[in-house]
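[1] Using only what follows, build the 3D model:
(chains A and B)
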Amino acid sequence: MSEPNARQGSPDKEPASEEQANRSAIDNTERAESASVPGGAGPRPTLGRLFLENLWAANTFTVTLLSLVLAMVVGAILMIISDPEVLATYSYVTARPSDAITASWTLVSEAYANLFKGSVFDPAATTVNTALSPISETLTYTAPLVFTGLSVALAFRGGLFNIGAQGQATMGVVLAALAGFLLPLPPVLHLLVAVLAGALGGAIWGFIPGILKARTGAHEVINTIMLNYVAVYFLTWLIVQNGVQDPVRTDAISRSVDASAQLPRLFGDGLRAHAGIIVAVLATWAVAWLLNRSTLGFELRAVGANPDAARTAGISVTRTYVLIMVFAGALAGLGGSQMVLGTTAAALTPLVVAQIGFDGILVALLGRVKPWGVALAALLFGALQAGGNRMQSYSGISLELVTVLQALIVIFIAAPALVKAIFQLRAARTARLQTSLAKGW
Amino acid sequence: MSTTAVPDVAVTPVGAGFWSRTRKVGLVLLALGLLATVLFGALATGEQARFTLSEDAAGAALKVDGTVGAIVFGLITLAAGGTMFTGLPRQWFIPVLAVGLVAFVLSFLCWQVSAAPAGQNFMPLVNIVRGTFLLALPLIFGSLAGVLCERSGVVNVAIEGQLLMGAFSGALFGSISGSVWVGLVAAAVGGSLISLLLAVFSIRYLVDQVVMGIVLNLLAVGITGFLYERLMQTDAARYNSAPRFSNWEIPLLSDIPVLGPALFRGNIFLYLALLLVLVIHIALFRTRWGLRTRSVGEHPTAADTLGVRVLGLRYRNVIMAGAVAGIGGASYTLALFSFTKNMIGGKGFIALAALIFGRWSPSGALLAALFFGFADQLATYLGAINSVIPGQFLAMLPYLATILAVAGLVGRVRAPAADGKPYIKG
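    Now for the predicted structure:
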């Protein structure tokens, strides 16, 4: 810690693994895609044959899908063992197995059907509003996750692990809300200022670990974890201050954001989907451009792949680290700002940011730290969240099951070798599935 | 910790040039001392600040005039800072720093206690010490779990999850069986289950250990929350009414003033925590197992060459760490409260902070945990006397202190060299 120079070029870094890491970071998942591109010598196999071959190979898509299946199987087991009535049928399972099987099937299939109906489409829907409602809910939950996921993914590509998306989102929500109810501004401008304030809040909270990392070598994982909690305590302190707290309430809730600073709804007043999702798509495009097409993106990926080589090539590693964290923080702050400017809530409460920062880490990993992958992963997580609400109210299955599913999916994704072994998958032709860089404190 | 430090900024090596570490810390102490003397001295009232040796206002007490106390202790901090600034031998660094900081805290307390509402100008030391240890308990267990893991080269960010799982299974199986001891064992097993996942995925499948830790925390929150709603909320009498350990009074020791009632009338977890710190400290630095653990954490290749089974040792230590953290979680559900959703609420991360602040050593972790516990208890106390200092800022203290420590502003913090790096044989 104190002697950042001391460990440079440390002798026990094995060249082989370092080389691997270098490769993995830049074209980490690009390789996975090239799995479907035939290469090498020999007769060119037909497209259909290639498709079949790759279907059961350990490529990104198959592993992701099978991870989802595995997670749902574990989820089903949890549902069954926690239901006393269904469990009772297992006491005589050898005598009448049909009872146990029917009861389990009814429980699990109903729960997962509700998960689907709550997030994608409910066949029983009669009006346009009820038909659109699941999608609208899914998009509402997706929007902030896209931002926090992008925040974590961007930092990952630069070789930094941003666990602080939660704290950055918290500071984002604080500044966005303050701008939302303290500044008297005309409608469009007010919204713009509030959104930018959110980004600024996150950026400040990202700058701190960035500059500490660059100046002192302090590990960003530790600092971002600590800053998460500092942000939460700051929020709980701020809420009860005069001018911030809702004057008619005695509990910890702030004033509400003015209507002029709220994001417009997409499908009319009856549905919750708001313009945040459009901003999220734009942000995904912007991050993709930044990473793949801009000079900064190149420097960022170079630093992430190998800081020593990047420095030798004349890239300022300190500057890049600070910039990465500022950008990552701003993205997370934008995600946080949606929690009060969107339709989820209009006022600050201690739990206003929910889990979006931590979920963002999962989303980034599931999206293989690529911008559009992150957007898709956020969509899946948003759908799980939206469907989980319906599952809770219709089947009485706790919303916590969604957390379990999300965590399990990412565990399986992160260990493709396990999925490969369970399903006896063929080795993918060129795919690399290692999502994470093994890196110490 | 500095594996990816950035050398293209001129970082002055420690001890070189005029602005050595001692000087910088001395300067900080001087500033603190000045703040204490002037600000605390001015704000303190002439009331007597009484530090009673009991649980209430009655009984013997250490008395000091508020203003005088604040100024005198502030001057002591100033003196410590001054000594440090003008230079002093290395071995005096820690003692002088400690004197300076303690005097600063005392000056602060003199101000706060003397400025409290009339009739409340006392601080019951027994309560404070007992509360400090009580609040530090999960931190001690958690950071010991961190020590066991990280000293053998596996980063343990999953402390939160291990504590939570321990608390949950302790409550569940304690309730079902009606026995505290079954609960205690179940808690240890529950904590080790999370640890086992951490071990398998990070050692066998080479998943990034920080990633795995974060995901496992979420998994633990999810599983315990899910089962809590399904089982404990529907039938609390059956699933969430674990018996509790009573307090055990140790005959002679419990008569020591202040420390006696606070420390030696506690429950099994308090004694277990202190015992574990001692045992792990001795084991880590005095036994063959300890030497091997440390070597595996610093340089696994060398250890392997000498015939140490690197992966086996890592598995064993990580699982033991889970058991320790699990028992820490049970110190809630088998002694104080019944289980509630996400009841650990970030204590696991403070334990991680304590581990880092305590420089990856058991005794350091104990001191750090006690410091953080004290900050927590002080926040409660200041809230009770309507202090102008918001409790939230005191609650931030552990986290801010850790950031400062990691940034190298207060002392040196260095993780085991191979911490977080998977070992691939060959």
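
[2] Enumerate every residue touching A:Ile422.
    A:Leu66, A:Leu70 (CB atoms under 8 Å, 6 or more residues apart in numbering or on different chains). In short, each C-beta sits where N, CA and C put it, glycine included.

[3] now swap in B:Gly266 and tell me
    B:Gly266 neighbours (CB under 8 Å, 6+ apart): B:Arg130, B:Phe133, B:Leu134, B:Asn247, B:Trp248.

[4] Which members of those residues additionally contact chain A?
    Near chain A, judged by CB under 8 Å from any CB of the partner chain, there are no entries from these.

[5] what's the closest of those to A:Gln338?
    The nearest member of the contacts of B:Gly266 to A:Gln338, counting by CB to CB, is B:Leu134 at 39.8 Å.

[6] now the helices: where do they sit in the stretch 251-400 of chain B?
    Counting by DSSP state H, counting those that start in this stretch, the stretch 251-400 of chain B has helices at residues B:259-263, B:268-286, B:288-298, B:300-305, B:310-333, B:347-357, B:362-384, B:391-406.

[7] tell me what the second one is packed against?
    Here helix B:268-286 touches helix B:125-151, helix B:288-298, helix B:310-333, helix B:362-384, going by 3 or more CB pairs under 8 Å, 6 or more residues apart in numbering or on different chains; DSSP states H and E.

[8] and of those, who's closest to A:Arg265?
    Ranking the helices and strands packed on helix B:268-286 by proximity to A:Arg265 (CB to CB) places helix B:362-384 first, at 41.7 Å.

[9] B:Ser169 contacts B:Ala187, doesn't it?
    Yes: B:Ser169 is within contact range of B:Ala187, at 5.5 Å (criterion: CB atoms under 8 Å).

[10] contacting residues for the residue in the stretch 51-200 of chain A positioned nearest to chain B?
    The stretch 51-200 of chain A approaches chain B most closely through A:Ser82 (3.9 Å), counting by CB to the nearest CB. Neighbouring residues of A:Ser82 by CB under 8 Å, 6+ apart: B:Phe226, B:Leu227, B:Arg230, B:Leu231.

[11] What is the most widely separated pair among those?
    Among the contacts of A:Ser82, B:Phe226 and B:Leu231 lie farthest apart (CB to CB), at 9.3 Å.

[12] These two: who's more crowded?
    Neighbour count, other CB atoms under 10 Å in any protein chain shown: between B:Phe226 and B:Leu231, B:Phe226 has more, with 23 against 20.

[13] is the helix or strand where that one lies up against chain A anywhere?
    Per DSSP states H and E, B:Phe226 falls inside helix B:209-227. Yes: contact of helix B:209-227 with chain A (CB under 8 Å from any CB) involves B:209-212, B:214-219, B:221-223, B:225-227.

[14] Now a PyMOL select for only the buried ones of the contacts of B:Gly266.
    To isolate the buried members of the contacts of B:Gly266 in PyMOL, using 16 or more other CB atoms under 10 Å in any protein chain shown:
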select buried, chain B and resi 130+133+134
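
[15] pLDDT score assigned to residue 322?
    I'll assume chain A. We have a pLDDT of 95 for A:Val322.

[16] Switch to chain B, please.
    96.

[17] Would you check that it makes contact with B:Gln162?
    Yes: with contact defined as CB under 8 Å, B:Gly322 reaches B:Gln162; the gap is 5.1 Å.

[18] Show me the strands in the stretch 1-150 of chain B, by range?
    All strands of the stretch 1-150 of chain B, identified by DSSP state E, counting those that start in this stretch, fall at B:48-52, B:61-65, B:122-124.

[19] so what secondary structure elements neighbour the shortest one?
    Counting contacts by 3+ CB pairs under 8 Å, 6+ apart, the secondary-structure elements packed against strand B:122-124 are strand B:48-52, helix B:93-114.

[20] Show me where the chain dips below the pLDDT cut-off.
    Here I'm looking at chain A. Scanning chain A for pLDDT under 70 picks out A:1-44, A:54, A:57-58, A:428-441.

[21] you looked at the wrong chain, it should be chain B
    For chain B (pLDDT under 70), the answer is B:1-17, B:409-413, B:426.

[22] tell me the centre residue of it?
    For chain B, the residue sitting closest to the mean C-alpha position, by CA atoms, centre = their mean, is B:Ala369 at 2.1 Å.

[23] how close does that one sit to A:Tyr112?
    44 Å (CB to CB, to the nearest Å).

[24] what's the answer for B:Val324, then?
    Separation of B:Val324 from A:Tyr112 (CB to CB) stands at 38 Å.

[25] of the two, who's got more company?
    B:Val324 (29 against 18).

[26] Phi and psi next, for the closest residue in space to B:Ala60 that isn't next to it in sequence.
    Nearest in space to B:Ala60, with sequence neighbours left out and distances taken as CB to CB, 6 or more residues apart in numbering or on different chains, is B:Leu53 at 5.0 Å. In terms of degrees, to the nearest 10, the main-chain angles of B:Leu53 are phi -90, psi 30.

[27] Surely B:Leu53 touches B:Ala61?
    Yes: the pair B:Leu53 / B:Ala61 is scored as a contact, 6.5 Å apart, by CB under 8 Å.

[28] intersection of neighbour lists for those two?
    Common neighbours of B:Leu53 and B:Ala61 (CB under 8 Å, 6+ apart) do not exist.

[29] of the two, who's got more company?
    B:Ala61 (18 against 14).

[30] Quickly note the distance from the more buried one to chain A.
    32 Å (CB to the nearest CB, to the nearest Å).

[31] Is that residue bridged to anything, and to what?
    B:Thr52 (DSSP bridges).

[32] residue contacts, it?
    B:Ala61 neighbours (CB under 8 Å, 6+ apart): B:Arg50, B:Phe51, B:Thr52, B:Leu53, B:Phe122.

[33] three-state assignment of the residue located most distally from the centre of chain A?
    Ranking residues of chain A by C-alpha distance from their mean position (CA atoms, centre = their mean) puts A:Ala95 at the top, at 46.5 Å. Here A:Ala95 takes the coil state, with states given by DSSP: H, G, I helix; E, B strand; the rest coil.

[34] swap in A:Phe121?
    Classification of A:Phe121 by three-state DSSP places it in coil.

[35] The nearest residue to it once chain neighbours are set aside in helix, strand or coil?
    What sits nearest to A:Phe121 in space, not counting adjacent residues and going by CB to CB, 6+ apart, is A:Pro134, at 6.0 Å. Using three-state DSSP, the secondary structure recorded for A:Pro134 is helix.

[36] Am I right that A:Pro134 is in contact with A:Val120?
    Yes: between A:Pro134 and A:Val120 there is a contact at 5.6 Å, judged by CB under 8 Å.

[37] what is in contact with the two at once?
    With CB under 8 Å, 6+ apart as the test, A:Pro134 and A:Val120 both reach A:Gly387.

[38] Name the residue in these two with the higher neighbour count.
    The neighbour comparison of A:Pro134 against A:Val120 (other CB under 10 Å) goes to A:Pro134, with 21 against 13.

[39] so who does that one touch?
    Applying CB under 8 Å, 6+ apart, we find A:Pro134 in contact with A:Lys117, A:Gly118, A:Ser119, A:Val120, A:Phe121, A:Asp122, A:Ala386, A:Gly387, A:Arg390.

[40] now it: how far from A:Phe381?
    Distance from A:Pro134 to A:Phe381, counting by CB to CB: 15 Å.

[41] With B:Val215 instead?
    Counting by CB to CB, the gap from B:Val215 to A:Phe381 is 13 Å.
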